[in-house]
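Engineer: attaching a predicted model along with its sequence, questions to come.
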Amino acid sequence: MKKIKVAHIGWLSNDQGPDCITTAWCDINKEKMAENAKKHPDIQMYTDYREMLAKADFDAVVIATPNYVHAEQAIAFLKAGKHVFLEKPMGITKEESDAILKAAEESGKIMAI
């Protein structure tokens, strides 16, 4: 069985198990990422989620960022064909939540909160 490759934004978990492996982390704190790169050289480090989306190899993303960027990030990953696990709240407004749901439906990917 193929392992699911997982990326994380904000909350840096190192999910390893029979079914999944962490392949990428993203956080805007450059010092935090440099420190973690020393501890986990096998995990790709990014300080911009757009760069991670463009360069990293992963199937699903865990988004644990400030609420005001949830919609922007979730929609970007869904449109790129990634499964999304989104920290709550889903969005700040009904319109943001509706846009996320629409992106999930159109992508055919799993979107969980």
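Structural biologist: Looks like it came in fine.

Engineer: give me phi/psi at the residue nearest the centre of the chain?
Structural biologist: Geometric centre of the chain, nearest residue: residue 61, 2.9 Å, by C-alpha atoms, centre = their mean. Backbone geometry at residue 61, expressed as degrees, to the nearest 10, gives phi -130, psi 140.

Engineer: what's the neighbour count on the closest residue to it other than its chain neighbours?
Structural biologist: Spatial nearest neighbour of residue 61, excluding adjacent residues (C-beta to C-beta, 6 or more residues apart in numbering): residue 7 at 4.6 Å. (C-beta placed from N, C-alpha, C; glycine too.) Neighbours of residue 7 under the rule other C-beta atoms under 10 Å: 25.

Engineer: I'd like the numbering to begin with 879 instead of 1 from here.
Structural biologist: OK, 879 is where the count begins now, so the last one is residue 885.

Engineer: sheet partners, orientation included, of the host helix or strand of residue 885?
Structural biologist: Using DSSP states H and E, residue 885 falls within strand 882-887. With DSSP bridges as the test, strand 882-887 is paired with strand 898-904 (parallel), strand 938-941 (parallel).
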